[in-house]
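# could you look at this predicted model? Sequence included:
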Amino acid sequence: MNNSALASEYLSKSFRLLKQAKSSLEEGDLLGTIDNAYSFIENLSKAILALYGFYSISPHNAQRLNIILYKLSEKELTLVRKLQLLEQRLYPLTLIDEASFKDSVLIRNFEAKGLIKELEEIFELANSVFDEFHS
């Protein structure tokens with residue numbers, strides 16, 4: 001499998017995870033929203049790494065994007081920075097095993113809606129970056 005095909009697979013998986021995050025939010029599963037959002041970030045980061053010939057099976061792939069920064073355009077750098085900041089924000093929340101119906105909720109509904117909007121914007125930017133990479 002070539003780099004582009006692998007990156008496309010990760011991009012497709014990211015889209016499915018975005019849909020699952022939206023579905024979790026609609027069902028009131030805020031923890032599921034966080035988990036799917038974090039997985040979205042990880043897969044999108046793997047997609048970018050794959051475009052440049054890197055493959056990683058370890059966690060925190062958004063932080064591993066630093067190894068390709070010198071190869072990136074301004075638009076790609078913007079995408080990488082957004083992914084890294086979002087990963088830093090969400091990762092601690094994935095470590096706490098709580099149900100969304102408990103008294104101490106990790107994220108409120110309106111914050112989760114904002115998170116989904118942010119993920120959608122990142123996905124649009126990623127699609128644009130992928131299109132430019134292949135043209």
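Nice, thanks for sending it over. Numbering: from 1, shown residues only.

# and Ile116, how far from Gln88?
Per CB to CB, to the nearest Å, Ile116 is found 18 Å from Gln88. For every residue, glycine as well, the C-beta is placed using N, CA and C.

# between the two, which one's more packed in?
Taking neighbours as other CB atoms under 10 Å, Ile116 and Gln88 compare with Ile116 leading, 19 against 13.

# you'd agree that one is up against Asn36?
No - Ile116 is beyond contact range of Asn36, at 9.7 Å (criterion: CB atoms under 8 Å).

# what do these two both touch?
Shared contacts of Ile116 and Asn36 (CB atoms under 8 Å, 6 or more residues apart in numbering): Leu18, Ala21.

# residue contacts, the spatially most central residue of the chain?
Central residue of the chain (CA atoms, centre = their mean): Ile41, 1.5 Å from the mean position. If a contact means CB under 8 Å, 6+ apart, then Ile41 has Ala62, Leu83, Leu86, Glu87, Leu90 as its contacts.
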